[in-house]
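Student: Fold the stuff below for me.
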Amino acid sequence: MAEQKEQRTKKKSSSSNNKGREKESEWQERVVQIRRVTKVVKGGKKLSFRAIVIIGNERGQVGVGVGKASDVIGAVKKGVADGKKHLIEVPLTKANSIPHPINGDGGGAKVMMRPAAAGTGVIAGGAVRTVLELAGVRNILAKQLGSGNPLNNARAAVNALSTLRTLAEVAQERGIPVENLYG
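Tutor: Numbers count the residues shown, from 1 in each chain. A predicted model of the protein is given here:
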């Protein structure tokens, strides 16, 4: 009898854990860069780590976060928390692309993005590719210009994606029907 009760409680607790895991597994996180940083202090050098983390749900939400801590795991956790704070919505077309060509910049980096036909795939490099994949974009052409810094390139990509607008949004701002935009 007591064994059956224990099994039931184990089943209940595991089902509640699964719900928590499902919520957690909705978000994917990828570490783009981990950098060891030294600070010179009176007693010598103090080591710490900086992690650049990109988080997204592959359904139109993505964010870039930076975490700094004395150990790598702590830096990654802080980066994930920072990424969740800075989430943006990305409008996607039926072909899982972006609605129109766009440029973005972050720091010294510039990113150029163009929509692509279905079946093209993600043609991009470095941190920009990771941002696009975690945003749920499947068909796009992108190019990094200027800096090769992963943090600035990721921020430039997020900047570009955040300024995208759909035809419906533009029509609503102008106060005209969507059909009039095509003409």
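
Student: Show the model's pLDDT score for the nearest residue to Pro150 once chain neighbours are set aside.
Tutor: Closest residue in space to Pro150, ignoring its immediate chain neighbours: Ala127 at 4.2 Å, by C-beta to C-beta, 6 or more residues apart in numbering. C-beta coordinates here come from the backbone N, C-alpha and C atoms, glycine included. If you check Ala127, the pLDDT there is 96.

Student: Quick check: beta-bridge partners of Val62?
Tutor: Gly56, Ile88 (DSSP bridges).

Student: again but with Arg50, I slipped
Tutor: Arg35, Lys68.

Student: Surely it and Lys68 touch.
Tutor: Yes: taking C-beta atoms under 8 Å as the definition, Arg50 is a contact partner of Lys68 at 5.0 Å.

Student: more crowded one of these two?
Tutor: Arg50 (18 against 15; other C-beta atoms under 10 Å).

Student: so what's that one up against?
Tutor: Gln33, Ile34, Arg35, Val37, Val66, Gly67, Lys68, Ala75 (C-beta atoms under 8 Å, 6 or more residues apart in numbering).

Student: Narrow these to just the buried residues.
Tutor: Neighbour counting over these (16 or more other C-beta atoms under 10 Å) leaves Gln33, Val66, Gly67, Ala75 as the buried ones.

Student: I'd say the second one and Ala51 touch.
Tutor: It refers to Val66. Yes: with contacts counted by C-beta under 8 Å, Val66 reaches Ala51, the gap being 7.2 Å.

Student: Appreciated, that's everything.
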